[in-house]
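Q: what would the 3D arrangement of this be:
(2 chains)
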Number of protein chains: 2
Amino acid sequence: MVVQEIAGFVEEIRDLGSILFLKVYSNGAYVQITVKKKEAPKEVLDAVAKLTRQTAITAAGEINDNPAVKTGKEMIPKSLKVIAVSAEPLPLDPSGKTQADVDTRFRWRVLDLRDPKKRLIFQITTDFEEFAREYFINDGFIEIHTPKLIGAPSESGASVFALPYFGREAFLAQSPQFYKQMAMCAGFGKVFEIGPVFRAEKSRTFRHNTEFTSLDVEISHIKSFDEMVSFEESWLVYILKELKAKWGETVKKEFGVELIVPKTPFPRISMKEAYDIVEKAGVEVDRSSDLSSDGEKALGEYVKEKLNHEFVFLTDFPVSVRPFYHMKPEGDPSTTLSADLLYKGVEITTLAQREHRYDMLVSQAKEKGLHLHNIEFYLDFFKYGAPTHGGFGFGIQRVIMQLLGLKSLREATFIPRDPETLFP
Amino acid sequence: MVVQEIAGFVEEIRDLGSILFLKVYSNGAYVQITVKKKEAPKEVLDAVAKLTRQTAITAAGEINDNPAVKTGKEMIPKSLKVIAVSAEPLPLDPSGKTQADVDTRFRWRVLDLRDPKKRLIFQITTDFEEFAREYFINDGFIEIHTPKLIGAPSESGASVFALPYFGREAFLAQSPQFYKQMAMCAGFGKVFEIGPVFRAEKSRTFRHNTEFTSLDVEISHIKSFDEMVSFEESWLVYILKELKAKWGETVKKEFGVELIVPKTPFPRISMKEAYDIVEKAGVEVDRSSDLSSDGEKALGEYVKEKLNHEFVFLTDFPVSVRPFYHMKPEGDPSTTLSADLLYKGVEITTLAQREHRYDMLVSQAKEKGLHLHNIEFYLDFFKYGAPTHGGFGFGIQRVIMQLLGLKSLREATFIPRDPETLFP
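A: Have a look, this model is predicted:
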């Protein structure tokens, strides 16, 4: 007989008098612990007497397959220890049988996440990130950690958190944009970073948080904007292929979603066409601005239906909706060499070739009405030679939300932050 | 003939009249570009006329081994393009021939890092992190991203950055401590995180920054503090073995340092013994406090000399120098189940078993004089059952500094932050 160990939280206690059943999740599966009161060791009975739901326990005994019990696995414990008793009543029931309202769930995220299905989201995220990095590292990338405390607002100055810093003002980075470009100017060749970014946006929507995990990529010596598009395609195909192999069946079972490895090249639609398609679908369009969230959704549905694809690159963005550092195609000063990538109707990436020539950068910043003083430290990166380069940013939680068909970004975030939420 | 491409910065220009030599670092090696002015295409000559040192160029041609040139590799270019001209004069010479002062180097970090030897530090860091993660992922860990914006100062309230947050006050996380413990209470089993942490410490030393990259680990269901110690040992052995295989020779050549795969178990010395050893070595000791930086150094030398080891665990820390959440051994309320790990005489890790019982946690917090209000959200994690657990934190740049024998943390940091430095 092989004595095995169980360590977990007691999800269910059913006391039938002479016999008592516990349901515990341990080591990736539910196990039923069966305590026959006449036969069980005194130590086990003493421990069992103290139990409340969600109490942390350990138990040892033989685990047997038993088709008669719901979990399929049963242990008659030789020993059972209470590690920490749970208070009563519980603010929510993590078994998933009754769903608490969203605010209660996130207030008591520690209990909410005891549902193995919710934890699964983070196991899949772990692999998503690891496959992403595998691809980069096999391709010679350097991983960087850029500063989150910065001396000037990183882009427009809007939506930036500011804080006192030893008698000065510092800001929290909204993206690693400027510093990953610096890595290019320093000769790093190809870099990636996975880290937090901060947006002081007051809106509270299903797809915005004030803090999220950004995956950033920047590549030197590119010959064209297309090279970046192809790179992101191949990279995503790699990740989705690996994810499908490992998690495809589980995701289908638990989330009802089919993981699809996308065909390359992904469809590309110019912004002009996109406005037309969205308008035809009955969604209002402002042609001087990005697509609205409804617009993206309509376009996603169009692409899925007409082109049978979950991804689409939106291209030929007008200069007016893009930052000053995006490169313009030669001979066309009104558009940019940039694209947005939508996944199931939600933007997950902005990608661009960057302007690497100092004089052009300065003049494009002026065109946008930027105060050169604020970006002087950035312009300095380009003073002493700079390679051609491009890159993209990628919100991890947003992609996972789309991948698994979750209702909001919060579900894919361990501890979400929005304007109203700083706790837990 | 195979036409190859070079893309990089011009490190040297030697114009001998009829012939001109360029030294360019491209694709992991230096190449000499030789332009014979009588034979070169006009396009190449036009480009060459514009060159200044550090200008970014691309060139195409055959690359041949040529023992007569210093780099060993030579290209006679078929084409040569100026990508972005470098301004003159350069604020520093990144070739490594003359070393600028530290302030100039970090002011112009973008040029400083064009020295391939400095960039190497970040290639090695990339692999360090990847090997570290490999070990975790093969062992069933979940990667988490805890919030850096938090509602209450994470530990003591000292050295914490505060900022306005939609009419409230928020703080920057000094460590993911509380949240990685929350993951344990949520049933995550084993987690790791690599991310920035923030310390508002005014001191400017070789081993402190206001922002650095922390690697954090937390493991549930441990039976003893020793289990954590063994885990960290095996993990470090794995990383150092892989690093030595990949980088051992390079590190020896470039940094003059022998990478040593440590023997397990690492030596362990109690704090009492450590005070004695350090005092005997002639360094002043305050027995109510941690070892000083000089004390750590002296102890590191002792361990290297007497025990022939680069690592040492300091154990049996008195309660007075440890935070409230460290567990105390049964029957001894004056010490903690915690250790510091020193590497070549510098502390790189604090490791501990945590107190997981709600009532004990509350009483230990009170003993330390903490305001329970500030840590209520944290105590709440433990209300509804909690497993035994332990973990450690690990400053990536500090370990790399020690690994490569660098003079300061800054050398291992892409863009360092200290009280005086917010730019670049």
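Q: can you confirm A:Val217 is in a helix?
A: No - A:Val217 is assigned strand when assessed by DSSP: H, G, I helix; E, B strand; the rest coil, not a helix.
Q: got the contact list for it?
A: A:136, A:141, A:180, A:190-192, A:231-232, A:391-394 (Cβ atoms under 8 Å, 6 or more residues apart in numbering or on different chains). Bear in mind the C-beta positions are built from the backbone N, C-alpha and C, glycine included.
Q: mind checking how far it is from chain B?
A: Applying Cβ to the nearest Cβ, to the nearest Å, the value for A:Val217 to chain B is 14 Å.
Q: could you give the bridge partners of that residue?
A: A:Phe192, A:Phe392 (DSSP bridges).
Q: going by distance to chain B, which of the contacts of A:Val217 wins?
A: Nearest to chain B among these: A:Phe141, at 7.4 Å, using Cβ to the nearest Cβ.
Q: what about the helices in the stretch 101-250 of chain A?
A: For the stretch 101-250 of chain A, the helices defined by DSSP state H, counting those that start in this stretch occupy A:102-107, A:109-112, A:116-138, A:177-185, A:225-255.
Q: how long is stretch A:57-74 end to end?
A: End-to-end distance for stretch A:57-74: 16 Å, by Cα to Cα, to the nearest Å.
Q: give me the contact list for that stretch.
A: For stretch A:57-74, using Cβ under 8 Å, 6+ apart, the contacting residues are A:1-10, A:21-24, A:29-34, A:47, A:51, A:75-83, B:221.
Q: ok but A:Val35 is inside a strand, no?
A: Yes - counting by three-state DSSP, one finds A:Val35 located in a strand.
Q: surely it is in contact with A:Leu16?
A: No - counting by Cβ atoms under 8 Å, A:Val35 does not reach A:Leu16; the two are 10.3 Å apart.
Q: those two: who's more crowded?
A: It is A:Val35, of A:Val35 and A:Leu16, that has more neighbours when counted by other Cβ atoms under 10 Å in any protein chain shown, with 23 against 8.
Q: could I get the pLDDT score of that one?
A: As summarised for this prediction, A:Val35 has a pLDDT of 96.
Q: for the nearest residue to it once chain neighbours are set aside, give the beta-bridge partners.
A: Ranked by Cβ to Cβ, 6 or more residues apart in numbering or on different chains and with sequence neighbours excluded, the top spatial neighbour of A:Val35 is A:Leu20, at 4.4 Å. A:Leu20 has these beta-bridge partners by DSSP bridges: A:Asp15, A:Val35.
Q: neighbours of A:Leu20, how many?
A: Neighbour count for A:Leu20, taken as other Cβ under 10 Å: 20.
Q: verify the stated contact: it with A:Gln32.
A: No - in this structure, A:Leu20 is not within contact of A:Gln32 by Cβ under 8 Å, at 10.6 Å.
Q: domain-wise, how is chain A divided?
A: A:4-90, A:116-412 (automatic domain parsing).
Q: now the terminal residues of the first one, how far apart.
A: As for domain A:4-90, its first-to-last residue distance stands at 29 Å under the measure Cα to Cα.
Q: stretch A:210-226 too?
A: Criterion Cα to Cα; first-to-last residue distance in stretch A:210-226 is 32 Å.
Q: what is the mean pLDDT for it?
A: 96.
Q: list the buried residues in that stretch.
A: Going by neighbour count (16 or more other Cβ atoms under 10 Å in any protein chain shown), the buried part of stretch A:210-226 is A:210-222, A:225-226.
Q: please apply the same query to stretch A:350-368.
A: A:350-358, A:360-362, A:364-365.
Q: save those as a markdown table, and put in pLDDT and distance to chain B too.
A: Output for the buried residues of stretch A:350-368, formatted as a markdown table (pLDDT from 0 to 100; distance: Cβ to the nearest Cβ, whole Å):
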| residue | pLDDT | distance to chain B |
| --- | --- | --- |
| A:Thr350 | 95 | 21 |
| A:Leu351 | 97 | 21 |
| A:Ala352 | 97 | 17 |
| A:Gln353 | 97 | 13 |
| A:Arg354 | 97 | 12 |
| A:Glu355 | 97 | 10 |
| A:His356 | 98 | 6 |
| A:Arg357 | 97 | 5 |
| A:Tyr358 | 97 | 7 |
| A:Met360 | 96 | 9 |
| A:Leu361 | 96 | 10 |
| A:Val362 | 97 | 12 |
| A:Gln364 | 95 | 15 |
| A:Ala365 | 94 | 16 |
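Q: so which of the residues you listed are in helices?
A: A:358, A:360-362, A:364-365 (DSSP state H).
Q: for the least confident helix or strand in chain A by mean pLDDT, packing partners?
A: When the helices and strands of chain A are scored by mean pLDDT, DSSP states H and E, helix A:372-379 comes last with a mean of 92. For helix A:372-379, the elements it packs on are helix A:177-185, helix A:358-367, judged by 3 or more Cβ pairs under 8 Å, 6 or more residues apart in numbering or on different chains; DSSP states H and E.
Q: save those helices as CSV, and put in distance to A:Ser334 too.
A: What follows is the helices and strands packed on helix A:372-379, written out as CSV (distance: least, Cβ to Cβ, whole Å):
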stretch, distance to A:Ser334
helix A:177-185, 23
helix A:358-367, 12
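Q: looking at these, which is nearest to B:Glu296?
A: Nearest to B:Glu296, of all the helices and strands packed on helix A:372-379, is helix A:177-185, at 31.9 Å by Cβ to Cβ.
Q: low pLDDT regions in the stretch 51-200 of chain A?
A: Applying pLDDT under 70 to the stretch 51-200 of chain A picks out residues A:154-157.
Q: quick check: residues of the stretch 201-350 of chain A near chain B?
A: For the stretch 201-350 of chain A, the residues in contact with chain B (Cβ under 8 Å from any Cβ of the partner chain) are A:202, A:210-211, A:213, A:220-221.
Q: swap in 10 Å and give it another go.
A: A:202, A:209-213, A:220-223 (Cβ under 10 Å from any Cβ of the partner chain).
Q: out of those residues, which two sit at the greatest distance?
A: The largest separation in those, counting by Cβ to Cβ, is between A:Lys202 and A:Lys223 at 41.5 Å.
Q: can you give me the buried ones in the least confident helix or strand of chain A?
A: Buried residues in helix A:372-379 (16+ other Cβ under 10 Å): A:374-375, A:377-378.
Q: so which of those is the closest to chain B?
A: The closest of the buried residues of helix A:372-379 to chain B turns out to be A:Phe377 (Cβ to the nearest Cβ; 4.7 Å).
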